[in-house]
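> fold the following.
(2 chains, ligands or ions: 1)
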Amino acid sequence: MLEKESEMLRTVRGVGVRGVIAVAALLVTVVATAGDELRIHDAWMPEVPPVARAVAGYMTLENHGDEPWVLIGAGSHRFDKVMVHSTVEESGVARMVHEDEVVIPPGETVAFDPGGLHLMLIGPHKPLDRGESVDIILVFQGGAEVPVRFRVGKKRVGEGEHTP
Amino acid sequence: MRRARVAGLGVPAALGLLVVMALVLAAGVWLSNERADPYAGLSPALQAKLWPEPRPVEPFHLVDHHAEPFTEERLHGQWTFLFFGYAGCPDVCPMALRDLSDVRKILARDGLDDEAQFVFVSVDPERDTVELLDGYVTFFDEEIVGVTGSQDEIDSLTEQLAIMSVRVDDDGGSGFYHFDHTSSVMLIDPRGRVIGAFPPPHIPERMAEHFTALRNLGAR
Ligand SMILES: [Cu+2]
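Alright, predicted model coming up:
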């Protein structure tokens, strides 16, 4: 049952007061219909070597509400620092750009995927194991702090979990 | 705050270098059309990735993750897929290493894996020590070779391969820094000559096909 829960969509309802969403987010996994609704799913981190100094966090955010959601930061107890970045290819060079905010407009979906938007998770306090779940707090404009559970695995764009 | 690592040049100079190299490439393409093209039988998609003239890699002195010397001599006698990155890289490098590992597995399936090696060269030698690379590259694939060394020697290699690498320090004063770097995989032939560059996205099946086509051309 718990295992099932972690696979389900994580649904957040705003209903005007975005500051008090945090606790509800952990509990509410049922799709709600009205209000400022944001669904975050497919949150995962690629497996990296224990010596890796940073790892990326990927996820998909769907705004089912009537107002934009604006991601302005993130944090976690497992890492020294979390930043929102995107990788931009320019004349054959992969540049990593800091994003002050990522807007998820009403009715739209924003995907954090390899080679594009990612959470930059710097300085893991201990190595991440395959299949492990790691909580990251996403901070949105208006003060909402949304905990999201990331699975450590091998998922790639357009694929399910797969083994080598 | 940025510091370019292309032969000690500043960013504008490094970009200028890129422009010059693009012109040289364009001139080379024009010239190669003027005479018999050894790559004529290859697909346009593959031809677009090849340098107009193979260019020998000049001597350099680096060290692999077993602390053995890694010099231009190690580029002779087999093909080399060469990628430049760093162990603190969260997105592009793990992706590229997984892709290279997949290419190697496809070649192994076809019995060609002993004809190619896969090499990851650090552009952050200050942090990427031999010991660290040993734990890093082998996590992705036991057969991938990790290479590091002095900054000067790495610069001399990146310069001749037209690899760009720029250190970017975090504005927030966290002491964190990352590198913006070339994300192409360079291909070196068994005579130790750069023959082309595979820009991302690196689709393993496609890279293996391209490798096989080039290898068959050479085997003829
Ligand atoms: Cu990043």
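> name the SS class of the residue of chain B found nearest the ion, please.
Nearest residue of chain B to the ion: B:P90, at 5.1 Å (Cβ to the ion). In this view, the C-beta of every residue, glycine as well, is placed from N, C-alpha and C. In three-state terms, and counting by DSSP: H, G, I helix; E, B strand; the rest coil, B:P90 is coil.
> counting neighbours, what do you get for it?
Residues lying near B:P90 (other Cβ atoms under 10 Å in any protein chain shown) number 27.
> I'd guessed it sits against A:G123; true?
No - the criterion here is Cβ atoms under 8 Å, and B:P90 misses it with A:G123 at 11.2 Å.
> rewinding a little: residue contacts, the residue of chain B closest to the ion?
B:P90 is in contact with A:V48, A:A52, A:A54, A:V55, A:A56, A:H118, A:M120, A:L121, A:I122, counting by Cβ atoms under 8 Å, 6 or more residues apart in numbering or on different chains.
> shared neighbours of B:P90 and A:G123, which are they?
Shared contacts of B:P90 and A:G123 (Cβ under 8 Å, 6+ apart): A:A54.
> that older thread, report the separation between the residue of chain B closest to the ion and A:P105.
Distance, B:P90 to A:P105, by Cβ to Cβ, to the nearest Å: 26 Å.
> what is the neighbour count of the residue lying closest to B:D180 once chain neighbours are set aside?
Closest residue to B:D180 apart from its sequence neighbours, by Cβ to Cβ, 6 or more residues apart in numbering or on different chains: A:R95 at 4.2 Å. A:R95 has 20 neighbours, counted by other Cβ under 10 Å.
> so what does B:S43 look like in phi/psi?
Main-chain dihedrals, B:S43, degrees, to the nearest 10: phi -60, psi 150.
> show me the contacts for it.
Going by Cβ under 8 Å, 6+ apart, B:S43 touches B:A213.
> if we use 7 Å, what do you get?
For B:S43, the contact set (Cβ atoms under 7 Å, 6 or more residues apart in numbering or on different chains) is empty.
> with A:G123 instead?
By Cβ under 7 Å, 6+ apart, the contact list for A:G123 reads A:R53, A:F79, A:D80, A:K81.
> hang on, isn't the last one packed against B:G175?
Spelled out, that is A:K81. No - counting by Cβ atoms under 7 Å, A:K81 does not reach B:G175; the two are 9.8 Å apart.
> related to what we said a few turns ago, just the contacts of B:P90 that are near the ion?
Contacts with the ion within these, counted by Cβ under 5 Å from the ion: A:M120.
> got the contacts of B:P90 as CSV, with distance to A:D100 and neighbour count columns?
Below are the contacts of B:P90 laid out as CSV (distance: Cβ to Cβ, whole Å; neighbours: other Cβ atoms under 10 Å in any protein chain shown):
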residue, distance to A:D100, neighbour count
A:V48, 26, 25
A:A52, 26, 23
A:A54, 19, 26
A:V55, 22, 27
A:A56, 18, 25
A:H118, 15, 27
A:M120, 13, 24
A:L121, 18, 26
A:I122, 17, 19
